[in-house]
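>>> Curious how this folds, go ahead:
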Amino acid sequence: MVVLTIVAEKNGETVYFDEPIPQVHFMRLVSCSPYNSWHNLNRVEQMTLTDTRKTLASVPGGHYMIDGLVKELTSNLEQNKNEANIKFETNNANSLLKITSEKGVSITHGLAALLGTEQD
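Numbering: from 1, shown residues only. Have a look, this model is predicted:
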């Protein structure tokens, strides 16, 4: 079985292959989403301890899917000893991310917007 992911910037894109896929008996659309599957951070964003302002994690600007963002945050937290005992839970079926912490954590605006925790 071959799994192929095609991401188009606009509707009506045509995809060509250098070599044709041999012996195609059928094709099936597994999923289709009208939403972007990745998001942007325009600059470095941070998580800090609210009481001491100590940086717990820094995430560089770039394109992120949930799995990549969790890996980046987890790696940063491990390097900084994860003093707030922050944990991430993902639900792959609908791409939800749940964050729990034992201490107060502040998140910069861009990262909060990406995580969906932005307050008005």
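>>> which residues in the protein form strands?
39-41, 45-49, 55-59, 62-64, 87-91, 96-100, 105-107 (DSSP state E).
>>> which strands and helices sit next to the fifth one?
Read it as strand 87-91. helix 66-79, strand 96-100 (3 or more C-beta pairs under 8 Å, 6 or more residues apart in numbering; DSSP states H and E). Quick note: C-beta positions are derived from backbone N, CA and C, even for glycine.
>>> got a markdown table for these, with distance to P22 and mean pLDDT too?
Listed next are the helices and strands packed on strand 87-91 as a markdown table, based on distance: least, C-beta to C-beta, whole Å; pLDDT from 0 to 100:
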| stretch | distance to P22 | mean pLDDT |
| --- | --- | --- |
| helix 66-79 | 31 | 88 |
| strand 96-100 | 39 | 78 |
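>>> In a markdown table: those, plus distance to E89 and mean neighbour count.
Below are the helices and strands packed on strand 87-91 laid out as a markdown table (distance: least, C-beta to C-beta, whole Å; neighbours: other C-beta atoms under 10 Å):
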| stretch | distance to E89 | mean neighbour count |
| --- | --- | --- |
| helix 66-79 | 9 | 16 |
| strand 96-100 | 4 | 13 |
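>>> what's the closest of these to T50?
Ranking the helices and strands packed on strand 87-91 by proximity to T50 (C-beta to C-beta) places strand 96-100 first, at 14.2 Å.
>>> I'd guessed P60 sits against Q46; true?
No - P60 sits out of contact with Q46 when judged by C-beta atoms under 8 Å, with a separation of 10.6 Å.
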